[in-house]
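[1] with the sequence up front, the predicted model follows.
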Amino acid sequence: MPAPLSAPNLTQTSLTLRLALPCGSCYTLANLDRRCLCCPQVASKAGAWMSTPALIAFDLEGVFLPEIWIAVAEQTRLPELRRTTRDEPDYDRLMHYRMEILAREGLTLADIQAVIATMEPLPGAVAFLDWVRSAAPTVIITDSFYEFVAPFLPKLHYPTIFAHSLTVDSRGLLTGYQLRLADGKRQAAAAFRALGFRVAAVGDSYNDTRMLAAADRGILFRPPANVVAEFPHFPVAATYVELEALLSEFLLR
């Protein structure tokens, strides 16, 4: 059996790599697929990994969670609230439309949170998210609100989430919202690239497409037909298995 090689300089190793069991034949650092970096099919990729780490950015609802507003619409029997960013590309118009309905019906933040308390992540979402987070730095960037998504954090194993904030009056009625940053999804993807990451972005709706376009690789996950028709240049994944395959190809590129 050959003697172990000297340890690699981990300060030069990409965050997309993690320490794994060493290769049985050469005792060097193994990559995410447990294949040794000195093996021919992997060695050619190692330099790119080490110089340009990858980061994966996701939308939240429609990717890991059911649509919150659709759940609220069903529980309150207000079909008007089923309208989401899959239907309306203007987010500010959509939110004011929602707040007008809530005010008309006297529905408070507590009423919405009561619906959210009954919701669970999409089937397979937690296992998939665990895999992604083991493979590369992962950030969820949502146009939802911290007041809505906080109950999901333990269910999703506490991922990093960027969200917006709501403003509420003394009666608990929604009176407005505060964007963390205008066009925040696109700006986040562009900023991650400026920080030296190769960025893959995943979303399902109109409000994700600018983030997908700003990334090195944009992927639509279970999008509606109207979004696919308007953005045919983005690859589409219909299952977490397909999405894992597309992201694995990106990480190994």
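    It's in. Since the model is a prediction, treat every value here as computed from it, not as a measurement.

[2] my guess is residue 218 meets residue 211, correct?
    Yes. At 7.4 Å, residue 218 and residue 211 qualify as touching, with contact defined as C-beta atoms under 8 Å. In short, each C-beta sits where N, CA and C put it, glycine included.

[3] common neighbours of these two, please.
    Common neighbours of residue 218 and residue 211 are listed as 201, 203 (criterion: C-beta atoms under 8 Å, 6 or more residues apart in numbering).

[4] what's the spacing between the closest residue to residue 143 other than its chain neighbours and residue 90?
    Nearest residue to residue 143 in three dimensions, chain neighbours excluded: residue 207, at 5.4 Å (C-beta to C-beta, 6 or more residues apart in numbering). In this view, residue 207 and residue 90 are 9 Å apart by C-beta to C-beta, to the nearest Å.

[5] more neighbours, the two?
    Ranked by neighbour count (other C-beta atoms under 10 Å), residue 207 and residue 90 place residue 207 first, with 23 against 12.

[6] surely that one is within a helix?
    Yes. Using DSSP: H, G, I helix; E, B strand; the rest coil, the assignment for residue 207 is a helix.

[7] list the contacts for it?
    59, 85, 89, 91, 143, 185.

[8] so how far is residue 223 from it?
    12 Å.

[9] ok, now residue 229?
    To residue 223, residue 229 is 10 Å away according to C-beta to C-beta.

[10] more neighbours: the two, which one.
    residue 223 (24 against 9).

[11] so what's the residue lying closest to the more buried one once chain neighbours are set aside up against?
    Nearest residue to residue 223 in three dimensions, chain neighbours excluded: residue 204, at 4.8 Å (C-beta to C-beta, 6+ apart). Counting by C-beta under 8 Å, 6+ apart, residue 204 touches 59, 62, 63, 86, 220, 221, 222, 223, 224, 227.
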